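>>> sequence? don't have it. structure:
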């Protein structure tokens with residue numbers, strides 16, 4: 001479902017719509033499309049006639065209405081104390097599947113949408129603001145909910161930054177693999193990690 005929704009969101013220029021994911025969709029139309037998806041008609045929907053705003057809302061609904069929310073078993077205290085990308089990385093390392101993969105998928109979508117910020121006005125922080133509330137359930141304490149909501153937005157924003165690093169490093173490692181494939185000694189193989197990027201200058205001798 002998520003793959004089809006993302007594909008059609010981008011295909012019909014949803015990433016260029018100002019306020020995408022922030023603008024409220026018409027509830028009746030959104031529910032009508034959701035019902036068709038629930039009835040197994042995902043591939044029968046004529047997506048070109050569906051507003052990108054509705055598609056964006058359906059993506060948020062998928063996460064919000066999932067039986068097991070992405071952050072259902074997260075350590076809220078750790079998230080409250082999370083202040084850096086390194087802190088966020090440590091928290092994500094303890095995240096379970098399939099929630100971890102779903103979260104990474106969402107982070108990649110946030111990055112993709114934010115890349116068109118000049119048109120849609122949705123930067124990384126704005127994407128974190130609209131996505132975070134769909135990833136966890138609030139409790140009965142109003143005061144505590146306000147704190148949790150703020151911390152969750154900051155956490156998601158840091159995770160977006162981390163994911164950008166991860167994607168860049170994956171690309172860098174792929175280049176290194178393609179240029180160093182003549183080296184048969186695995187002990188000499190160097191893999192760049194997010195920690196390398198933040199704490200050290202990494203170099204690799206590559207054949208011209």
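Thanks, I have it. If you're wondering where the values come from, they're calculated on a predicted model, not measured in any experiment.
>>> C-alpha from now on. contacts and neighbour counts both.
Noted.
>>> doesn't residue 100 make contact with residue 92?
Yes: using CA atoms under 8 Å, residue 92 is in contact with residue 100, at 7.5 Å.
>>> how about the helices in the chain?
Here the chain has its helices, by DSSP state H, at 2-11, 27-38, 52-64, 76-81, 85-93, 99-114, 117-120, 124-131, 142-179, 194-199.
>>> So which of those is nearest residue 18?
Nearest to residue 18 among these is helix 117-120; the distance by CA to CA comes to 3.7 Å.
>>> for the record, mean pLDDT for the closest one?
Averaging pLDDT along helix 117-120 yields 97.
>>> middle-most residue in this protein, spatially?
Against the mean C-alpha coordinate of the chain, by CA atoms, centre = their mean, the closest residue is residue 107 at 1.3 Å.
>>> can you pull the contacts of that residue?
For residue 107, the contact set (CA atoms under 8 Å, 6 or more residues apart in numbering) comprises 159-160, 163.
>>> wait, which of the helices of the chain is closest to residue 19?
helix 117-120 (5.5 Å).
>>> And the contacts of that closest one?
Identification of contacts with helix 117-120 by CA under 8 Å, 6+ apart yields 15-20, 113-114, 123.
>>> So for residue 164, what's the nearest residue that isn't a sequence neighbour?
Nearest residue to residue 164, sequence neighbours excluded (CA to CA, 6 or more residues apart in numbering): residue 111, at 7.4 Å.
>>> surely the one you found meets residue 124?
Yes: using CA under 8 Å, residue 111 is in contact with residue 124, at 6.9 Å.
>>> which neighbours do the two share?
Common neighbours of residue 111 and residue 124 (CA under 8 Å, 6+ apart) are residue 160.
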